[in-house]
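Q: predicted coordinates and the sequence they were generated for:
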Amino acid sequence: MPPRTRPSRPAFTIIEVLAVITVAGLLAASVVPAAARINDARRVTGVHETARLLAYARAHAASSGLPAGIRFDTDADTAELVRYDGASIILADPLGTVPTTVALNALYGSDLTATQFSGAPAPGTAPDTATLWFDHRGTPHLRARTTNTRIELRADAAVEFVSGHTLTISESSGLIEVTP
């Protein structure tokens, strides 16, 4: 009687398994850096979106003659477009085309680290250090929280992001510069 043999089952050879592992490793090695570059690009976009919002507030103030600015909330990582109509501070959305609040972290993964607006407050008034305003000439300034009186900046304003980027707003001209 001939020896009994087991029925053969399909299986992978060690060479096939190693080939699949090598291909998977190569794919993973190319996908991880690409994903990191995408996140970095999103963060930079958030910084540039904030710069665009500042430039819009500056242009809106210069064209309307009414102070306009950006209110920063470092806890919620938002930038909110506002203007002062002489009696109250309102959200500025004159044409309905610009979002009034930009959620920097939710949309772009950009976290605000700090806002530094150095002003010389009048006696008895505290500046609203969360909002940077622009006047009819496009020059940045602060406003007092209670009286809404104008407070001159003593130095360039800065908005810092966790990514290491900084928006610098010139205290004399209002020009906005992004630095890595």
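A: Now that the structure is in, tell me what you want to look at. Residues are numbered from 1 along each chain as shown.

Q: quick one: residue 32 and residue 23, what's the gap?
A: 15 Å (C-beta to C-beta, to the nearest Å). (C-beta placed from N, C-alpha, C; glycine too.)

Q: for residue 135, that is, sorry about that
A: Residue 135 is 61 Å from residue 23, by C-beta to C-beta.

Q: more neighbours: which of these two?
A: When neighbours are counted by other C-beta atoms under 10 Å, residue 135 and residue 23 differ, and residue 135 comes out ahead with 18 against 10.

Q: for the more buried one, give me phi and psi.
A: Phi and psi for residue 135, reported as degrees, to the nearest 10, are phi -100, psi -170.

Q: isn't it up against residue 150?
A: Yes - between residue 135 and residue 150 there is a contact at 7.3 Å, judged by C-beta atoms under 8 Å.

Q: what is in contact with the two at once?
A: 67, 141 (C-beta atoms under 8 Å, 6 or more residues apart in numbering).

Q: give me the phi and psi for the most centrally placed residue in the chain.
A: Most central in the chain under C-alpha atoms, centre = their mean is residue 46, positioned 3.4 Å from the mean C-alpha point. Dihedral angles phi and psi of residue 46 (degrees, to the nearest 10) take the values phi -60, psi -40.
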